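Visitor: I'll drop the sequence and a predicted model, then ask my questions.
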Amino acid sequence: MALKVEAEVELKSPPEKLYNMFKKESYLVPVASPNNIQAVKVHEGDWETHGSIKIWNYTSGGKTETFKEKVEFDDENLKVTLVGLEGDVFKYYKSYKGIFHYVPKGEGTLAKVALEYEKLSEDVPDPINEYLDFVVSFTKDMDAHLVKA
């Protein structure tokens, strides 16, 4: 059974800019958030095609990790889903998805971020402190980068 943890973050950038950073310019995420994301490479496909596969190198909880994902884009709803295929999270979780939904709010955006996962065993902790905090942190960094640009 899939579980979910979520957070909402108010951002200053327009939702389309945040969405497009993931869709068309995810190679800029390490520039925007170097303390969290060290690199992202296309493994299969390209930067902006639904179903492309990317490999992320990141630091979470003080540990350097990797995450291989297949990206799903929902242009109408400004929603990006990163479906986990391989990586360090699979030491703890049977399945893992990161979901980023950008909703207009005033002049800016309400970013709804979520992690959907299945634990490998009952004693595995929910990914709130380590992974959800990490996702919120680099989402804020992306916003700060876009505001400066």
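Guide: Arrived safely.
Visitor: contacting residues around the nearest residue to K24 once chain neighbours are set aside?
Guide: Nearest non-adjacent residue to K24, counting by Cβ to Cβ, 6 or more residues apart in numbering: E48, 4.7 Å away. Using the backbone N, CA and C atoms, a C-beta is placed for each residue, glycine as well. If you count contacts by Cβ atoms under 8 Å, 6 or more residues apart in numbering, E48 has them with K23, K24, F73.
Visitor: same question for S26.
Guide: With Cβ under 8 Å, 6+ apart, S26 has these contacts: V40, W47, K54.
Visitor: so the residue nearest to K24, which state does it fall into?
Guide: Three-state assignment for E48 (DSSP: H, G, I helix; E, B strand; the rest coil): coil.
Visitor: can you give me the helices in this structure?
Guide: In the chain, the segments counted as helices under DSSP state H are 15-23, 29-32, 133-148.
Visitor: dump the C-alpha coordinates for the first one into PDB.
Guide: Taking Å, rounded to 0.1, in the frame of the first residue of the first chain, the C-alpha atoms of helix 15-23 are listed here in PDB:
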ATOM      1  CA  PRO A  15       4.200  28.600 -11.500                       C
ATOM      2  CA  GLU A  16       5.000  28.300 -15.200                       C
ATOM      3  CA  LYS A  17       8.700  29.300 -14.600                       C
ATOM      4  CA  LEU A  18       9.100  26.700 -11.800                       C
ATOM      5  CA  TYR A  19       7.400  24.100 -13.900                       C
ATOM      6  CA  ASN A  20       9.500  24.900 -17.000                       C
ATOM      7  CA  MET A  21      12.700  24.800 -14.900                       C
ATOM      8  CA  PHE A  22      11.900  21.100 -14.200                       C
ATOM      9  CA  LYS A  23      10.600  20.400 -17.700                       C
END
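Visitor: rewinding a little: any chance of the contacts of E48 in TSV, with pLDDT too?
Guide: Below are the contacts of E48 laid out as TSV (pLDDT from 0 to 100):
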residue	pLDDT
K23	93
K24	93
F73	96
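Visitor: phi and psi next, for the residue nearest to K24.
Guide: phi -130, psi 10 (degrees, to the nearest 10).
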